[in-house]
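Engineer: fold the following and give me the result.
(4 chains, ligands or ions: 6)
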Amino acid sequence: MSANPVSPELTPKIYASDQEPRWCPGCGNYSVLTQVKKVLAKLGSKRENTVFVSGIGCSSRFPYYLDTYGFHGIHGRAMNIATGVKLSNPDLSVWVITGDGDALSIGGNHLLHTIRRNVDLTILLFNNRIYGLTKGQYSPTSPFGQRTKSSPAGSVDFPLHPLSVAIGAEATFVARSLDVNVHHLEHVLERAARHKGTSFIEIYQNCSIFNDQAFYFARAKETKDDTTVYLEHDRPLVFAKGRKGIRLHRMDPEIVELGNGVKEDDLLFHNETQKEPSLAYLLSRMRYPEFPEPMGVFRCIERPTYDDLVIGQIEDAQEQGPGHLEDLFREGETWTVE
Amino acid sequence: MSANPVSPELTPKIYASDQEPRWCPGCGNYSVLTQVKKVLAKLGSKRENTVFVSGIGCSSRFPYYLDTYGFHGIHGRAMNIATGVKLSNPDLSVWVITGDGDALSIGGNHLLHTIRRNVDLTILLFNNRIYGLTKGQYSPTSPFGQRTKSSPAGSVDFPLHPLSVAIGAEATFVARSLDVNVHHLEHVLERAARHKGTSFIEIYQNCSIFNDQAFYFARAKETKDDTTVYLEHDRPLVFAKGRKGIRLHRMDPEIVELGNGVKEDDLLFHNETQKEPSLAYLLSRMRYPEFPEPMGVFRCIERPTYDDLVIGQIEDAQEQGPGHLEDLFREGETWTVE
Amino acid sequence: MVVSMEKNRTQTNPVEVVNREDVVVRMAGDSGDGIQLIGTQMTNTTSVFGNDISTLPDYPAEIRAPAGTLAGVSGFQLHFGSHRLHTPGDRINALVVLNPAALKVNLPDLEPGCLLVVNEDAFTEIGLSKAAYDENPLEDGSLDGYRVFRVPMDVLTAEACKDTGLKARAVSRCKNFFALGLVYWLFDRSPDTTLRWMDKKFRANPAVAAANSASLKAGYNFGETKELINVRFEVAPAKIAPGQYRRVNGNEAAAFGLIAAAQRAGKPLFYGSYPITPASEILQELSKQKRFDVRTFQAEDEIAAITSAIGASFTGVLAATGTSGPGVALKSEGIGLAVITELPLVIINVQRAGPSTGLPTKTEQGDLFQALWGRNSEAPICVLAAATPSDCFKMTLEACRIAMEFMTPVMLLSDSYLSNGVEPWRIPDVESLPRFQIKHPKPGDRFEPYLRDEKLVRPWALPGTKGFQHRIGGLEKRDVTGDVCQEPENHEHMCRTRRRKIDNIAATIPSLEVNGDESGDLLVLGWGSTYGAITAAVDRCRERGLGVSSAHLRYLDPLPSNTGDVLGRFERVLVPEINLGQLTTYIRAKFLVDAVGFNKVQGKPFMVSEIEHEIEEMLDGRTS
Amino acid sequence: MVVSMEKNRTQTNPVEVVNREDVVVRMAGDSGDGIQLIGTQMTNTTSVFGNDISTLPDYPAEIRAPAGTLAGVSGFQLHFGSHRLHTPGDRINALVVLNPAALKVNLPDLEPGCLLVVNEDAFTEIGLSKAAYDENPLEDGSLDGYRVFRVPMDVLTAEACKDTGLKARAVSRCKNFFALGLVYWLFDRSPDTTLRWMDKKFRANPAVAAANSASLKAGYNFGETKELINVRFEVAPAKIAPGQYRRVNGNEAAAFGLIAAAQRAGKPLFYGSYPITPASEILQELSKQKRFDVRTFQAEDEIAAITSAIGASFTGVLAATGTSGPGVALKSEGIGLAVITELPLVIINVQRAGPSTGLPTKTEQGDLFQALWGRNSEAPICVLAAATPSDCFKMTLEACRIAMEFMTPVMLLSDSYLSNGVEPWRIPDVESLPRFQIKHPKPGDRFEPYLRDEKLVRPWALPGTKGFQHRIGGLEKRDVTGDVCQEPENHEHMCRTRRRKIDNIAATIPSLEVNGDESGDLLVLGWGSTYGAITAAVDRCRERGLGVSSAHLRYLDPLPSNTGDVLGRFERVLVPEINLGQLTTYIRAKFLVDAVGFNKVQGKPFMVSEIEHEIEEMLDGRTS
Ligand SMILES: Cc1ncc(C[n+]2csc(CCOP(=O)(O)OP(=O)(O)O)c2C)c(N)n1
Ligand SMILES: Cc1ncc(C[n+]2csc(CCOP(=O)(O)OP(=O)(O)O)c2C)c(N)n1
Ligand code: SF4
Ligand code: SF4
Ligand SMILES: [Mg+2]
Ligand SMILES: [Mg+2]
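Structural biologist: Ligands and ions are numbered 1, 2, ... in the order given. Presented below is the predicted three-dimensional model:
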């Protein structure tokens, strides 16, 4: 990602295109759009060096609202389009906007492969646990038993956990945030954008029309402190305003009350950079209502990016100078007819 | 899976079709075919109630060699065909034969979704870390840097770990075995076949032509004891003929020598049935040469199968009797013209 | 009829009653206004009254636009009459709009001099600016060409609801029923059907029920007592075939067709699908019908949808998959697999406007080529097309019959227009539906996987049957034995056999019928959803004495055996299509007939008048 | 020439020398025998000698069969001559087989009376039974119709290698070179080229080098000294255009074409692909050429391959993707996206026999329909087809030119036959290759994403360029501005514009040329890889005085502007195709010409004689 010094004229406003966002009132997408513009400004991103690529879905209209280069692709294939962009011009900063259907249903395979290759992209998965654009069928993240237009008797599809999938696919950066927690979202987006390699962020996003309040537990003032735990590197997992924490019992996390002999030091300490992602995986399994759900950066490690490796091989090959067609055509046996 | 009493006339031989296998000499597929026939006999499987479905690849010729029902599908889609079979007739015992390219490259998404749904299938992934049928391009499991026909300067694709992917996708049964370890393979196949739900087995399979000895470490007499560890439920991870073991240090496994104060009880104990799959995931990360690679059943838990749930909803709906077209057509507003 | 133009007036006057054979009314407002709901109610009431009907909802693209904007306008058009109707109508005779945006979007379709009812409360400064009106059209004379009536619907609705205890926001949601009441008065229809429906619908919420019914009645009474509106329409019931009727749209009809086919074949139904506009409704309808042993599988993508259906078909159930054009593109490889394995499979393609994502909520007939030829190599399938919403039922049954009788994939083409359009459907007597006698080889029969009968059809042996274990797949197979076979002659034989098998279907389908004279100067040839517009246009032309006939293809591959014959009996052939000339190309190649295309690719159906006009042009050109 | 039939003899005799204009020789053995290797060597030597050549390897389907079986036979056919050759030859004039299975598989193609050299050591009981011979064909008189020579190749090879210190198994692997030496003697070619190649190839392994060269020489000397074989062929060098030559097959030529196009456009090349027979080689060739800034991306599937290429194209590099028929089916949706975004994209389709997986190593021309019409809705692309292996170079350059000049996807059709066939290729002077002047809008230019030039082409503005930020995608766009647009008229305008833009390409392509008289009774019209067989057949017929001409389509959409003209000048049109009549259908629809198909779908190319025969039939039918 570009690390230009931030110039004063780069305000969030300048990243807005002339198109008015067309999401439903109360849709979580608005907030993400706002935070993304803030982060672009903060990073000093040049509009012309920034590309937003999306698939199909409500969230995938995102690129239209930004005055950067943009590509509204076809369903599930944003990751590939973005890979093509990045490999063709690695100087561009490339963002991918996708939904739980787009990225995990039809596009699941591309997500897997993009992540394992570690292409330098910033992927925002808008998880509203529903197909919004097609008006309300269950998605791969809809809870078991959910009644939707296509599951009137309740869905019998056991849901996927986006972060577990990403971690199972060798991710180098994995995080989670929430549409309404604007500061946290902004922070996580910034960290993702700064990460070199595939950054994968799951954003809990409210669909006010077809799946309203799916994330009530994490959004509502009354509940959120008890149902979410915010991760910090090298810090213990503490939540409920410091009253509770997570401790490891063999390979299983457990909730403990702090005090009464239980100290912070006894708790599970977060480590974003663990070589093998077993801790990140374990955290990805903590789910409401059994556990508070972790928010923040689960994992952030360095590994060469795919685009660097591809270009690197080309540079290596070109060390003795670029190729010449004359030579290419004459490789192997030739003969001359006079 | 059918649990009929084994009748004496069910010998492995009767499962052979009239087609002669056409793999290369030295190909690991032969051994798997032999073990599968043994297991079919052992389970007392009726040929007419057994269906083998495959994709495209060398291994995917498998169904032709068995006198069961069989479907040689298209590349990457065996899982879906098999899902259709199972949902249509849950009494059939359905096996899926696939390769590392078939299941993890083009078919990766279907693998993900089949596993999370927990369709009652037994999936054998023949991992030879190469595209065999198309003559030697790297696959999603080829090691980083491998030189193949399509990666003359070395592959820059960071490989996927099939078991990590499966565990990331909510698998209920995950195992690994080796073409040449016939007893272990037979045992694992049998356990997989008996599991209700999606059983996923990665089989290290030698491709003698395009990737010979990719699994030398695990196959060769001289090395295999030090480079593999065989998992047993509720037993500590011991290998190297009992000389060494695996101990857990926070969330990281480490190799320890037994003796000198280190006892078996200090070691990591295997637990196939842990509720959250964090242990199985951690085991899936242990790789040669840093670690001995675990062989056996990583995870085996119960969860309702997709086919049972689908049929269950139908049975529930039919409790008041089956539907009548007369009524269906007349649902909602009707009127009569005289 | 054109209602004579008058300025809007307020004086007391006797009501003018206009008798019409048919009327087109459109109601429009914001997508949050509940327009589709009242449209459906009006449709119900009118069809129960005994009119023939045809409807066209027109709602915005898939993402909600901000309230009150042009992009957010939702409309519902109802054509009803005392004779057989073929289309929802070209132009509107009466328009009711709830806000300025709805006026702006819909006014162009209103026939000059006709009735326009506006909710004047919505014509505030904000409302006007959201609709990008610089000036208030109610004031600036721009509506002078219409018969305009201004009704303060917000105020009157609030008034009607004041005793129900509902909050202001909830009350404002009742406005649509006020409008509906007014519409009932306008067309002399009783509000009773809707009142009964409300009783049921809002049983759990008496306050809402009270407010809605109060609004409805207030609307009706406003017409009756206020004497502001001085015109009313009367449309007598139609003389239609006796029987019990219901309304269906094309997607419901297709879902019913699948269920009926499975029932009549004594089989479970498997439907593998991935949601996509405008086909999702079929999946949704079927997912409710578990009592009929319908197994719906919402797959992870279209490829999984079709390949799971292929697995299901192999196993012996009736298997189908449904989608729209982009989804069919993804299924192409899978269709090829069904072709070479010769398994029954029904593929429903509810076409929409493309290419690519295109205009996903708009209609088009763009996928005929894709249906016929959109696969690698020689991969013939049977292709059918439904002509009207209720015809989707019949043609789905046909698709299922052919698939199972001929062991072949069948693609049924529907489209966005058919799937959204609503028609009265005479409920068929179940016993009159065909019963499909599906033969599966039984133990003891001679069995070879590709042993063909006289129609060239291979047997459908079911997993689970002892002794018939066999293997099929995507590699070329030796005829009879089904063994993998690379032999040159066998491959040619199989390619030709697969083609001939499809051709053999022609013996089991009806001949192409001519509407009008059996021969002559001009034949208008259509396929799919243009049926209504073409038929209406040709009928009208014939009434005016023009020498034109029409014929409509429901079977595209194979074509009815007499197609060449029919074409040969006319000097010229005109082919109206909602594409750039796909049937035209096909017909020209097949019959070397110089068919002329009349093509429109605007995401919307033909107007009857457009086709009429084209017919006139051609006949004029001829005589001049 | 037909060599007169004789029984195999052992007496000493002067060698008969047969002069020929051309000869077809085939070498065959087990797939482990290294037949392709010696085939390539023979090809090299012959072309360096100055003959024109055409080759056809024929190896087994993708899975290895057990050694010695029929399924495991590998063959290599070489046609060389002193005049221009168009095909690898219909029938074999000389056959060399290393085992019984190779004899069984290949004998049917050997011309009666012609030369047959067999490795008699392989005709053991086991060898015969693996080849399913009940009796030894060398003994039972079944070869009486040929001129058979039995050579104990295993024994002689072992003898030749006895001082090299190689183990028996390694020695037996040298047998192919013994056979090659013998072939060199038979056709009077020097083994020097191969000896030099061996020197290099086996430098690291002197023992192997020594054994191979000893075997090669032994084979040659066997012919020279043993006097067992009493016939030799002489084929003079061809009179071909002066210049430097090399051999290429269709896939190499396509890869070269892509690289050359990128170089001449001053751009990196992006090639996204998923391996599939017979297209994988293009990916493999390109993956070696990183010096040319070729970025190959082995994608996870065909969909990822094409969509990554679309992303690359958006970014401004030359982007291509390649596959075979089933892969194209999967790419259909992606092609539609490239159509509506109007991005340059080259799609190479190396066709193979289908439907579905079909016969994956065999050839077919089954994807013309798919190329023209295999997408949802109206999604026109440019379609080209290469006529010969080396023509793949030229047509790939053309595909790249058109894609970038017209901002459009272009599909180039090749096939298994072209990709496997090897031809001499006169190495072009690099400076003579077209230089592509690609215009990208520069800061200061007026820019609108869909502002078209006079050819209707929109600008290619590159991400990274300040001020030109814009958004494209799969939804219908308003012309000029590129904003998302649902308006009916705009949609129709855009559909027609996309079609007209493709039509405009016709102004930049060569006219259709006629081989033979410019008008007459019969025109043989072809496309793609049938070029050689059609041309040879028509030339032969014309030599015999028959009134027939031919024309060959390399541009399928748009067609050359004079196509209708050309067709109109002939009374009848015959269209030979390796499919069931796809060009026939297309031509009939376009020009209402009663074109007659001559169709063969056997996974293999036409024989020249088949087309000759068909021409004769048609002309006969005519005169009778
Ligand atoms: C090939 C294809 N299949 C299906 C669709 C229909 N479709 C569009 S978006 C979508 C899913 C949307 O869900 P999600 O990705 O979660 O996005 P959201 O609308 O919820 O933001 C589907 C099924 C399509 N456009 N293309
Ligand atoms: C749609 C499609 N794309 C590509 C291919 C070509 N193809 C056949 S098998 C294969 C990969 C084989 O690798 P794997 O699955 O690992 O099986 P193996 O041969 O190694 O057993 C490929 C790319 C195909 N048949 N179909
Ligand atoms: S449907 Fe849901 S996700 Fe889509 S715009 Fe509306 S609120 Fe947002
Ligand atoms: S190529 Fe490899 S995987 Fe395929 S049959 Fe041969 S040895 Fe087995
Ligand atoms: Mg969603
Ligand atoms: Mg493999």
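
Engineer: buried residues in the lengthiest helix in chain C, which are they?
Structural biologist: Counting by DSSP state H, the longest helix found in chain C is helix C:206-226. Buried positions in helix C:206-226, judged by neighbour count with 16 or more other CB atoms under 10 Å in any protein chain shown: C:208-223. Where C-beta positions appear, they are placed from N, C-alpha and C, glycine not excepted.

Engineer: with stretch C:124-141 instead?
Structural biologist: C:Gly127, C:Leu128, C:Lys130, C:Ala131, C:Tyr133, C:Pro137, C:Leu138.

Engineer: returning to what we had before: now do the longest helix of chain C: distance to the chain's middle.
Structural biologist: 33 Å (CA atoms, centre = their mean, to the nearest Å).

Engineer: mind giving me the packing neighbours of that helix?
Structural biologist: For helix C:206-226, the packing partners by 3 or more CB pairs under 8 Å, 6 or more residues apart in numbering or on different chains; DSSP states H and E come out as helix C:153-161, helix C:168-172, helix C:175-186, helix C:192-201.

Engineer: which of the ones you listed has the lowest mean pLDDT?
Structural biologist: Ranked on mean pLDDT, the bottom entry among these is helix C:168-172, at a mean of 88.

Engineer: return the alpha-carbon coordinates of that helix using CSV.
Structural biologist: Provided in CSV are the C-alpha atoms of helix C:168-172 (Å, rounded to 0.1, in the frame of the first residue of the first chain):
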residue,chain,number,x,y,z
ALA,C,168,-48.6,8.8,12.6
ARG,C,169,-46.0,6.7,10.8
ALA,C,170,-48.1,3.7,10.9
VAL,C,171,-51.1,5.6,9.7
SER,C,172,-49.2,7.0,6.7
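
Engineer: does chain A sit close to that helix?
Structural biologist: No: for a cut-off given as CB under 8 Å from any CB of the partner chain, helix C:168-172 has no contacts with chain A; the smallest distance is 12.7 Å.

Engineer: tell me the bridge partners for the residue in the stretch 201-338 of chain A positioned nearest to ligand 1.
Structural biologist: Ligand 1 sits closest to A:Cys207 of the stretch 201-338 of chain A, with a gap of 6.2 Å, by CB to the nearest ligand atom. Beta-bridge partners for A:Cys207, by DSSP bridges, are A:Asn211.

Engineer: neighbours around it, how many?
Structural biologist: 28 (other CB atoms under 10 Å in any protein chain shown).

Engineer: that one contacts A:Gly132, doesn't it?
Structural biologist: Yes: counting by CB atoms under 8 Å, A:Cys207 touches A:Gly132, with 5.0 Å between them.

Engineer: what sits in contact with each of the two?
Structural biologist: Residues touching both A:Cys207 and A:Gly132 (CB atoms under 8 Å, 6 or more residues apart in numbering or on different chains) are A:Cys58.

Engineer: quick one on the thing from earlier: need the next SSE after the longest helix of chain C, C-terminal direction.
Structural biologist: Scanning forward in sequence from helix C:206-226 by DSSP states H and E, the next helix or strand is strand C:231-235.

Engineer: mind listing what's buried along that following strand?
Structural biologist: When burial is assessed from 16+ other CB under 10 Å, strand C:231-235 yields the following buried residues: C:Val231, C:Phe233, C:Val235.

Engineer: next: stretch C:537-549.
Structural biologist: Going by neighbour count (16+ other CB under 10 Å), the buried part of stretch C:537-549 is C:Ala537, C:Val538, C:Asp539, C:Cys541, C:Arg542, C:Leu546, C:Gly547, C:Val548, C:Ser549.

Engineer: could you dump those to JSON lines with secondary structure, pLDDT and distance to ligand 4?
Structural biologist: As requested, the buried residues of stretch C:537-549 are exported to JSON lines (DSSP: H, G, I helix; E, B strand; the rest coil; pLDDT from 0 to 100; distance: CB to the nearest ligand atom, whole Å):
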{"residue": "C:Ala537", "secondary structure": "helix", "pLDDT": "97", "distance to ligand 4": "62"}
{"residue": "C:Val538", "secondary structure": "helix", "pLDDT": "97", "distance to ligand 4": "63"}
{"residue": "C:Asp539", "secondary structure": "helix", "pLDDT": "96", "distance to ligand 4": "66"}
{"residue": "C:Cys541", "secondary structure": "helix", "pLDDT": "96", "distance to ligand 4": "67"}
{"residue": "C:Arg542", "secondary structure": "helix", "pLDDT": "96", "distance to ligand 4": "68"}
{"residue": "C:Leu546", "secondary structure": "coil", "pLDDT": "96", "distance to ligand 4": "69"}
{"residue": "C:Gly547", "secondary structure": "coil", "pLDDT": "95", "distance to ligand 4": "69"}
{"residue": "C:Val548", "secondary structure": "strand", "pLDDT": "97", "distance to ligand 4": "65"}
{"residue": "C:Ser549", "secondary structure": "strand", "pLDDT": "98", "distance to ligand 4": "62"}
